[in-house]
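In: okay, sequence plus prediction incoming.
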Amino acid sequence: MTEKRSIVKLTEEERDRLEGMLKKGKHSAAVLTKIRILLKADADHPEGGWTDAAICEALSRNKTRPEEVRKIFILEGLERILTRKQREMPAIAPTCDGEAEARLIQLACSQPPEGRARWTLQFRAEEVVELKLVDAASDSTVYRTLTKTLVHPVSQNSGLSRPRKTRPS
């Protein structure tokens, strides 16, 4: 097996914290596994300093996992091991920005065009694209945008005055 590139050396406080977290067991299985890997890989502790192969066998993990955990610990610190990395960008960029949402709500509250009894989701989506507020929009995009507001897309009224629930007397 290759020689370790990242050697873990935990301080006494870090080791106590990790052992306490392990005893409580109130964390996800992935975090608890990372804690076990760090404790077994700790070179400064008499019970630590295990090889990657021994850690993998003891914890039933992939043979590259201990190296990954040690590398993250060395480069980014203990907190990065205990918490998930946050996404910098959402997986899918939102279709409507604030201005497009405002115009869509304004459109939903307006009277439907001549020859139409009411706005439909598909017609609203076509209108938003026609007004060049967005490049492309589907009826589900319009639905999701309008459900975030008081203008519900499937209600019978136009959203100008939403009836409030009253208490029974």
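Out: That came in fine, so what should we check first?

In: which residues touch N62?
Out: Counting by C-beta atoms under 8 Å, 6 or more residues apart in numbering, N62 touches C56. The way it works is simple: take the backbone N, C-alpha and C, and place the C-beta from them, glycine included.

In: same check on T120?
Out: The neighbours of T120, taking C-beta under 8 Å, 6+ apart as the test, are D139.

In: tell me which element L146 is part of?
Out: Using DSSP states H and E, L146 sits in helix 139-147.

In: would you mark the buried spots in that helix?
Out: The neighbour-count check on helix 139-147 (16 or more other C-beta atoms under 10 Å) flags T141, V142, T145, L146 as buried.

In: which residues in this structure form helices?
Out: All helices of the chain, identified by DSSP state H, fall at 12-24, 29-41, 52-59, 65-76, 78-82, 98-109, 121-130, 139-147.

In: can I get those helices in TSV including mean pLDDT and distance to G115?
Out: Putting the helices of the chain into TSV (pLDDT from 0 to 100; distance: least, C-beta to C-beta, whole Å) gives the following:
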stretch	mean pLDDT	distance to G115
helix 12-24	89	66
helix 29-41	89	58
helix 52-59	86	68
helix 65-76	89	61
helix 78-82	88	60
helix 98-109	84	17
helix 121-130	86	11
helix 139-147	83	20
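
In: which of those sits closest to R167?
Out: helix 139-147 (25.4 Å; C-beta to C-beta).

In: now the helices of the chain as JSON lines including distance to M89?
Out: Output for those, formatted as JSON lines (distance: least, C-beta to C-beta, whole Å):
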{"stretch": "helix 12-24", "distance to M89": "31"}
{"stretch": "helix 29-41", "distance to M89": "23"}
{"stretch": "helix 52-59", "distance to M89": "33"}
{"stretch": "helix 65-76", "distance to M89": "19"}
{"stretch": "helix 78-82", "distance to M89": "19"}
{"stretch": "helix 98-109", "distance to M89": "18"}
{"stretch": "helix 121-130", "distance to M89": "24"}
{"stretch": "helix 139-147", "distance to M89": "19"}
